[in-house]
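Novice: sequence first, predicted coordinates after that:
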Amino acid sequence: MIKILFICHGNICRSPMAEYVMKDKVQKHGLADCFFIDSAATSTEEIGNGVHRGTRKKLKEMKIPCGDHRARQMKRADYEAYDYLIGMDSFNIRNMQRIVGKDSEGKIQRLLDFGKAPRDIADPWYTGNFDETYEDVEEGCEALLAYVIKHHLS
């Protein structure tokens, strides 16, 4: 089983969006039994809060189911529990490295590092642009899924 943890600052916008987009993709590929997918925050600001209304609205628009996710903070133990720890931006990556220490297995990466144009995914909490965030998350999840299929499931 491939275990993926998506991480952003508060775990209410980008990382749960990536979690649900990826769950939808693996379901549609008939691979749901091959994956465990979750999300977490680097901060404690939103712990226990649900998915942001902008993320919920965008996922509903795209007909992607959104569960009853509650924000949680990433823990050091997540490094051993997951195969991939996927941050949304460079700031997330720095904070993830502070939490887990040395990334000796190369598990920590930005989501869009798997795509053709590596870059950060802007935080819609600040930009208000959930459409742009969704497009970036969709691109990143598609590329990550292709990478995992090629390297682990073929």
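Specialist: Looks like it came in fine.

Novice: next, Val26: secondary structure please.
Specialist: When classified by DSSP: H, G, I helix; E, B strand; the rest coil, Val26 comes out as helix.

Novice: contact partners for it?
Specialist: Contacts of Val26 were listed using Cβ atoms under 8 Å, 6 or more residues apart in numbering, and they are 32, 34-35, 37, 145. All C-beta atoms are positioned from the backbone trio N, CA, C, and that covers glycine.

Novice: let's see 10 Å
Specialist: Val26 makes contact with 2, 4, 32-35, 37, 141, 145, 148-149 under the criterion Cβ atoms under 10 Å, 6 or more residues apart in numbering.

Novice: before we move on, what about Gly140?
Specialist: Counting by Cβ under 10 Å, 6+ apart, Gly140 has contacts 6, 14, 18, 21-22, 86, 88, 110-115, 118-119, 121.

Novice: tell me the helices in the protein, going along the chain?
Specialist: Assigned by DSSP state H, the helices in the chain fall at 14-28, 53-61, 78-81, 90-100, 124-127, 130-148.

Novice: and the contacts of the second one?
Specialist: For helix 53-61, contacts defined as Cβ under 10 Å, 6+ apart pick out 12-18, 20-21, 24, 50-52, 64-66, 69, 124-125, 128-131, 133-135, 137.

Novice: ok, now the third one?
Specialist: By Cβ under 10 Å, 6+ apart, the surrounding residues in contact with helix 78-81 are 3, 5, 7, 36, 38, 40, 72, 75, 85, 96, 99-105, 107-108.

Novice: and Phe114, what is it in contact with?
Specialist: By Cβ under 10 Å, 6+ apart, the residues touching Phe114 are 84, 86, 139-148.

Novice: burial of His29, as a residue count?
Specialist: Neighbour count of His29, defined by other Cβ atoms under 10 Å: 13.

Novice: equivalent analysis for the one 10 residues further on, please.
Specialist: The burial metric for Ser39, expressed as a neighbour count using other Cβ under 10 Å, is 26.

Novice: so what sits opposite it in the bridge?
Specialist: Beta-bridge partners of Ser39, counted by DSSP bridges, are Phe6.

Novice: which one of the helices of the chain lies nearest to Thr44?
Specialist: helix 90-100 (11.4 Å; Cβ to Cβ).
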